[in-house]
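**Student:** The sequence and its predicted three-dimensional model are supplied below.
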Amino acid sequence: MEYSYKRIWQISYPIIMGGLAQAIINITDSAFMGRVSEVALGAAAIGGLFYVTIFMLGFGFGVGAQIIIARLDGEKKPKEIGEVFHHTMCFLILLGLISFLFLYFIAPYTLRSFVNSNAIYDSSEAFIQMRSWGIFFTFIIVGLRAFFVGIADTKIVSYSTILSAVLNIVLNYVFVFGKFGYAPMGIAGSALASNLSEAIACIYALIYTFKTVDRNQYSLFKFDSLRIKLERVKSIFVVAAPVMFQLFLAVFSWFVFFMIVEKIGERELAISNLVRNAYIILMIPLIGFSSATNTIISNLIGQKKQNEVFLTMYRICIMSIVATAILMAVNLVLASEVLAIFTNDISLIKDTLPCIYIISGSLILFSFTTIILSSVSGTGNTMASLVIEFITIVFYLWASYIMAVSLKSSIEMVWAVEYVYFTFMGGLAYLYLRKGNWRELA
């Protein structure tokens, strides 16, 4: 199978739509918090990033499973796909329990050592403890996503996420401000809204799976196929573990970045949360193309078509650049209007605009460097991706600390460090694809 622009779009489009819906969820949370207070807006950024950092461990395992499933799909081994799926779900449920215990009981003490402001700490703690209850549903969705994206049937990704996004808007309105007889819950209400919307989306995705998938073909949910095989767990973990820690490091670096910004001041933290929300909008297409890249490259290698990897990667890069450039142009023209979604504070919007202009340019770099890094993961050598991410993050956080704390630069100059991140990441990933031994390992 050759991956034409049309075929790449068919795989990527539902994931992009799912990404759009996920962005709506994040935007909704921040928009409501912006109407509560500036402290709530900053706390939502810290609490949300802390939660997502833990979530990325499960999501990374799902990406690793997705890469294996895509390879097996290319090799036409549906029974083994079902086996990988079952083991993935069992691991994610166990990881969900461990993550819940950490988020609910330990995270507040961990957060205390990072945050200077008592007001931001109290709000972040309230968010995390409420949000921790949703981790089980989130990880089940991750497992289902790995299966469907791995076999390049990505419609359910958009369906379930859009459902979650719509519910999240309604439930935020109800719980944050206290409507229909409910008491106002503020930031905790936003976390509860996310939990309930994801729970309903999870149930919907499970029903969709039972109704639409040929379970005999993949031996899905068959009693005799549910036996745990340690060798299968090990084989998944070899691929997934580096992805887990790679994504954990990527989000943790953002968390540390926000902690560095928090040391500058609450105002700068609120500005950075607005910038993050603009980032989320601009990243919608490239996240979809990035996820599709993992599947497509792995599937090509499963078909023994290593010679088509670079051509396919270039095609995905072009599509990602074009889509990101269109969004970036819209964002630049309507920057003030976009920021007004999250806050009524005109002075805060004005102070945020310079950062928006800076990160808009960096997203063009991100639009193709993330595809190159996803291609490295798609080859199956996820350890190489982890090493690349680690080296990049070390330079990124070092540069951020120097700019913010040592040089006491403006918040705009601190955000300019994004160019360092994407340049290092893309350069190292491309060097590996050109010079590495991934062809021999496949």
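**Tutor:** Structure's in. What do you need?
**Student:** residues touching residue 249, list them.
**Tutor:** 386, 389, 390, 393 (C-beta atoms under 8 Å, 6 or more residues apart in numbering). All C-beta spots, glycine's among them, are computed from the backbone N, C-alpha and C.
**Student:** Which element, helix or strand, includes it?
**Tutor:** Residue 249 is part of helix 230-262, with elements assigned from DSSP states H and E.
**Student:** Report the buried residues of the next helix or strand after that helix.
**Tutor:** Per DSSP H and E, the first helix or strand lying C-terminal to helix 230-262 is helix 266-282. Of all the residues in helix 266-282, those buried under the rule 16 or more other C-beta atoms under 10 Å are 266, 268-282.
**Student:** Equivalent analysis for stretch 252-264, please.
**Tutor:** Per 16+ other C-beta under 10 Å, stretch 252-264 contains these buried residues: 252, 253, 254, 255, 256, 257, 258, 259, 260, 261, 262, 264.
**Student:** Identify the farthest-apart pair in those.
**Tutor:** The two members of the buried residues of stretch 252-264 with the most space between them (C-beta to C-beta) are 252 and 264, at 19.6 Å.
**Student:** Count the residues that sit near residue 299.
**Tutor:** Counted by other C-beta atoms under 10 Å, the residues lying close to residue 299 total 26.
**Student:** Can you name the residues that contact it?
**Tutor:** 1, 70, 71, 73, 74, 152.
**Student:** let's see it at 7 Å
**Tutor:** Applying C-beta atoms under 7 Å, 6 or more residues apart in numbering, we find residue 299 in contact with 70, 71, 73, 74.
**Student:** ditto for residue 218
**Tutor:** By C-beta under 7 Å, 6+ apart, the residues touching residue 218 are 78, 79, 81, 82.
**Student:** For the stretch 51-200 of the chain, just list every one of the helices.
**Tutor:** For the stretch 51-200 of the chain, the helices defined by DSSP state H, counting those that start in this stretch occupy 78-101, 107-112, 118-131, 135-150, 155-177, 187-212.
**Student:** quick one, what contacts the most centrally placed residue in the chain?
**Tutor:** In the chain, the centroid-proximal residue (C-alpha atoms, centre = their mean) is residue 56; its distance is 7.1 Å. Taking C-beta under 7 Å, 6+ apart, we find residue 56 in contact with 247, 248, 251.
**Student:** From residue 34, how far out is it?
**Tutor:** Using C-beta to C-beta, to the nearest Å, residue 56 is found at 25 Å from residue 34.
**Student:** what residue ranges in the stretch 151-300 of the chain are flagged as low confidence?
**Tutor:** 222-226 (pLDDT under 70).
**Student:** ok, how many other residues are close to the closest residue to residue 199 other than its chain neighbours?
**Tutor:** Closest residue to residue 199 apart from its sequence neighbours, by C-beta to C-beta, 6 or more residues apart in numbering: residue 137 at 4.6 Å. Per other C-beta under 10 Å, the neighbour tally for residue 137 reads 22.
**Student:** wait, isn't residue 73 in contact with residue 80?
**Tutor:** No: Residue 73 sits out of contact with residue 80 when judged by C-beta atoms under 7 Å, with a separation of 9.7 Å.
**Student:** Between these two, which is the more surrounded one?
**Tutor:** Using other C-beta under 10 Å as the criterion, residue 73 and residue 80 rank with residue 73 on top: 21 against 18.
**Student:** The stretch 251-400 of the chain: strands as residue ranges?
**Tutor:** In the stretch 251-400 of the chain, no strands are found when defined by DSSP state E, counting those that start in this stretch.
**Student:** Next up, the contacts around residue 414.
**Tutor:** 261, 400, 403, 404.
**Student:** any idea how far residue 431 is from residue 298?
**Tutor:** 21 Å.
**Student:** The two: which is more packed in?
**Tutor:** Set side by side, residue 431 and residue 298 show more neighbours around residue 298, with 27 against 12, by other C-beta under 10 Å.
**Student:** Wait, the more buried one touches residue 65, no?
**Tutor:** No: the pair residue 298 / residue 65 is not scored as a contact, 11.1 Å apart, by C-beta under 7 Å.
**Student:** so how many other residues sit close to the closest residue in space to residue 144 that isn't next to it in sequence?
**Tutor:** Leaving aside its chain neighbours, residue 144 sits nearest to residue 205 (5.0 Å; criterion: C-beta to C-beta, 6+ apart). Residue 205 sits with 23 neighbouring residues when counted by other C-beta under 10 Å.
**Student:** my guess is residue 205 contacts residue 157, does it?
**Tutor:** No: checked against C-beta under 7 Å, the pair residue 205 and residue 157 is beyond contact range at 8.9 Å.
**Student:** Sounds good, over and out.
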